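Peer 1: next input, structure requested:
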Amino acid sequence: MADTLTALRSLMTSHTPPLDALVVPSEDYHQSEYVSARDKRRAFVSGFTGSAGLALITKKEALLWTDGRYFLQAEQQLSDQWKLMRMGEDPSVDLWISTNLPEDSALGIDFWCISVETAQKWKSLFAKKQQNLVPTTRNLVDEVWKDRPQAEINPVHVHPLKFSGCSVSDKLKDLHDNLKKENARGIIITTLDEVVWLFNVRGGDVSYSPVVHAFAIVTRKSAFLYVDERKLSSEVKSYMEENNIIVKDYSAVSSDVALLASNQLLSAKETQSNGAIESEDDSHKIWVDPRCCYSLYSALSSDQVLLQQSPLALPKSLKNPVEMEGLKNAHIRDGAAIVQYFAWLDKQMQEIYGASGYFKESESQISKKPLGDLKLTEVSVSDKLEAFRAEKEHFRGLSFPTISSVGPNGAIIHYEPEAKTCAELDPDSMYLCDSGAQYLDGTTDITRTVHFGKPSEHEKRCYTAVLKGHFALGNARFPNGTTGHSLDVLARVPLWSYGLDYRHGTGHGIGSYLNVHEGKLLMHLVFRPGLSIPLQASMTVTDEPGYYEDGKFGIRLENVLIVKKASTQFNFANKGYLEFEHITWAPYQTKLIDVSLLLPEEIKWINSYHAKCRDILAPYLSESDKTWLNQATEPIAA
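Peer 2: Numbering: from 1, shown residues only. Model prediction:
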């Protein structure tokens, strides 16, 4: 890392103008959360591999900002060349720059890797000291990354109507209506999930997310897709032609944005029919989402830009009936895989480690495995879980790297085990498993925490507090217009009563065979309220409170929920009310519950939920797995 920093500082010095600092974000050209291997520039320069973070390299310092999910991981992965900056505790990167760097400083960044909203915010703050945000003439990290992975050519697939539930023509019609409503002549679409959702295609360019590296421009008359055409089969090309989607090279988006700005971006058909360029009303705007990369935005004059959230964001988050049914079915199959996994793991823990198991509560009988080569590790068991899922219909891979964590590793909120360094399972420690899958009909995300030995009374109290918060949020009723940010407190109150809390969001949107983290449906007190949009019926969100003790254990429980209309006795101010429907099916470990801390309605709900688990999952399980599930879901008594 020291050699990398030296090389980068040399390039910063020789840059025109010379750079006082270099910003290396986590994001790619599309502001993606998860990026391809060749776009993991921040991980390359810093050694920190978490999905969220930002690196700042000055002439003398190297700093890494990340959020609470990754504090422990960053501490372990960063060398002494780097200083960890904790988001929410330390000054933000822009405030640190404006305070610590001198006036007239030049701050270099690849304008393709920063969003419009971030760039504008920074420029406004930096202007107070005449500090300048400078586009690098090339990405400096790419210059020093000698073994940077090559771009992969992964095929694009059509996502059939039986899974998407809405045709491309209908989606484009709605988009055209929005353009007309806002008096916009066209829109630039840069986020990958919006591009593939609009055109009903999926791909494999980013691990865990079935997206395609592509841009789109849609005008009132034409739709353009910018992608490496080597990814398109003859069938997919025919599909594009049938839907009047004009395919152009990925790199052509820059020149076409310039043409759009001057109202000269026309399809061949338009050019032939017009014979000349038709001028349109100069007041027609070009719609740009604030998440758009600053490089493309910079090609436009600010007075012609309609800078507001993409009109695709909301309809993508509002699942249509076909998507809704698919999500429910996917979660049933996924729940069956989870039950198979824990039934298998329970048996293995007893046979290999002498654990008392999932149901009984006692110290392990033996401290060492009886067979020299036989052991369970965080990676080997997560591979087994993936194998169970792979047997299910429509399985297309995981939706994120499985967080399979034992004991102290569970306290690393977004821990990702590696085969060479991961821990062996321990019958006397908590085990946290946060996992999900991509199915053609839906995306899943579930977390369960279990103990195969004798949990301490403290562990039980903490688990029960997390469960109570999980219950409080998942069973809430609330008026229309309520944001996830407003509901976040419900999941934390049981923990707060003990003086405990957690450093991550309580929920996020989830896609339909798309990104496992979707849009701005955030439930998190730390985020500004403006980052969270009001919940609406047919949205899908997660409910995932937790608690973590550094060096000891971690607890998290997570279900996926559908927002739906609630039937209430009254309807104050005619607002209308909403509630959640759980669609994740897997038992909570009753051995970890301190029943004395539960209210009667909480006991009733857990028993009802467990009864549904038995009924819903039984057709997908073997007799032995059904027997295990029946025992795992036996009613608890007050």
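Peer 1: OK, contacts around residue 148?
Peer 2: Going by CB atoms under 8 Å, 6 or more residues apart in numbering, residue 148 touches 38, 44, 142. To be clear about C-beta, it is placed using only N, CA and C from the backbone, and glycine gets the same treatment.
Peer 1: mind running it again at 6 Å?
Peer 2: residue 38 (CB atoms under 6 Å, 6 or more residues apart in numbering).
Peer 1: mind checking the backbone torsions on it?
Peer 2: phi -60, psi 130 (degrees, to the nearest 10).
Peer 1: state the distance from it to residue 11.
Peer 2: Using CB to CB, to the nearest Å, residue 148 is found at 15 Å from residue 11.
Peer 1: for residue 85, same thing?
Peer 2: Residue 85 is 23 Å from residue 11, where distance means CB to CB.
Peer 1: swap in residue 484?
Peer 2: Residue 484 is 42 Å from residue 11, by CB to CB.
Peer 1: these two: who's more crowded?
Peer 2: residue 484 (28 against 18; other CB atoms under 10 Å).
Peer 1: next, give phi and psi for that one.
Peer 2: Dihedral angles (degrees, to the nearest 10) for residue 484: phi -60, psi -30.
Peer 1: per-residue confidence for it?
Peer 2: Note for residue 484: predicted pLDDT of 90.
Peer 1: and it, how far from residue 407?
Peer 2: In terms of CB to CB, residue 484 sits 31 Å off from residue 407.
Peer 1: then residue 265?
Peer 2: Taken as CB to CB, the span from residue 265 to residue 407 is 57 Å.
Peer 1: more neighbours: which of those two?
Peer 2: Taking other CB under 10 Å, residue 265 and residue 407 do not tie; residue 265 has more neighbours (21 against 18).
Peer 1: how many residues are close by the spatially closest residue to that one that is not a sequence neighbour?
Peer 2: Closest residue to residue 265 apart from its sequence neighbours, by CB to CB, 6 or more residues apart in numbering: residue 259 at 4.0 Å. Neighbour count of residue 259, defined by other CB under 10 Å: 14.
Peer 1: got the phi/psi numbers for residue 259?
Peer 2: According to degrees, to the nearest 10, residue 259 has phi -60, psi -40.
Peer 1: and residue 411, how close does it get to residue 435?
Peer 2: Taking CB to CB, one finds residue 411 at 18 Å from residue 435.
Peer 1: ok, these two, which is more surrounded?
Peer 2: Taking neighbours as other CB under 10 Å, residue 411 and residue 435 compare with residue 435 leading, 25 against 22.
Peer 1: in contact with that one, which residues?
Peer 2: Counted by CB under 6 Å, 6+ apart, residue 435 has contacts residue 402.
Peer 1: and it, its phi and psi?
Peer 2: Main-chain dihedrals, residue 435, degrees, to the nearest 10: phi -150, psi 170.
Peer 1: for it, list each beta-bridge partner.
Peer 2: Beta-bridge partners for residue 435, by DSSP bridges, are residue 446.
Peer 1: make residue 1 into 666 and carry on from there
Peer 2: Yes, from this point I'll number from 666; that puts the last item at residue 1100.
Peer 1: pLDDT score for it?
Peer 2: 98.
Peer 1: could you list the low-pLDDT ranges of the chain?
Peer 2: 666-667, 933-948, 1028-1038, 1185-1197 (pLDDT under 70).
Peer 1: which non-adjacent residue is nearest the residue most central in space within it?
Peer 2: Geometric centre of the chain, nearest residue: residue 1182, 2.7 Å, by CA atoms, centre = their mean. Using CB to CB, 6+ apart and skipping residues adjacent in sequence, the residue nearest residue 1182 is residue 1173, 4.9 Å away.
Peer 1: mind listing the helices for the stretch 766-915 of the chain?
Peer 2: Taking DSSP state H, counting those that start in this stretch, the helices of the stretch 766-915 of the chain run over residues 781-791, 805-809, 826-829, 833-846, 857-864, 899-907.
Peer 1: so which of those gets nearest residue 891?
Peer 2: Residue 891 sits nearest to helix 857-864 of all those, at 8.9 Å, using CB to CB.
Peer 1: so what pairs up with the nearest residue in space to residue 801 that is not next to it in sequence in the strands?
Peer 2: Spatially, and ignoring its direct neighbours in sequence, residue 801 is nearest to residue 773 (4.7 Å; CB to CB, 6+ apart). Following DSSP bridges, residue 773 is listed with bridge partners residue 687, residue 799.
Peer 1: burial check on the nearest residue to residue 840 once chain neighbours are set aside, number of neighbours?
Peer 2: Spatial nearest neighbour of residue 840, chain neighbours left out: residue 883 (5.8 Å); criterion: CB to CB, 6+ apart. For residue 883, the count of nearby residues is 25 (other CB under 10 Å).
Peer 1: hang on, isn't residue 883 packed against residue 850?
Peer 2: No - if you go by CB atoms under 6 Å, residue 883 and residue 850 don't touch, sitting 10.2 Å apart.
Peer 1: how about residue 1127: what's its closest non-neighbour residue?
Peer 2: Per CB to CB, 6+ apart, closest to residue 1127 is residue 1212, 4.9 Å.
Peer 1: repeat for residue 839
Peer 2: residue 980 (6.7 Å).
Peer 1: which helix or strand contains residue 1007?
Peer 2: helix 986-1018 (DSSP states H and E).
Peer 1: which parts of that helix are buried?
Peer 2: 987-989, 991-1011, 1013-1015, 1017-1018 (16 or more other CB atoms under 10 Å).
Peer 1: that helix packs against which elements?
Peer 2: helix 1043-1055, strand 1107-1108, helix 1265-1282, helix 1288-1297 (3 or more CB pairs under 6 Å, 6 or more residues apart in numbering; DSSP states H and E).
Peer 1: just the angle for it relative to helix 1043-1055, thanks.
Peer 2: Orientation of helix 986-1018 against helix 1043-1055 (axes from the mean of the first three to the mean of the last three CA atoms, to 10 degrees) gives an angle of 140 degrees.
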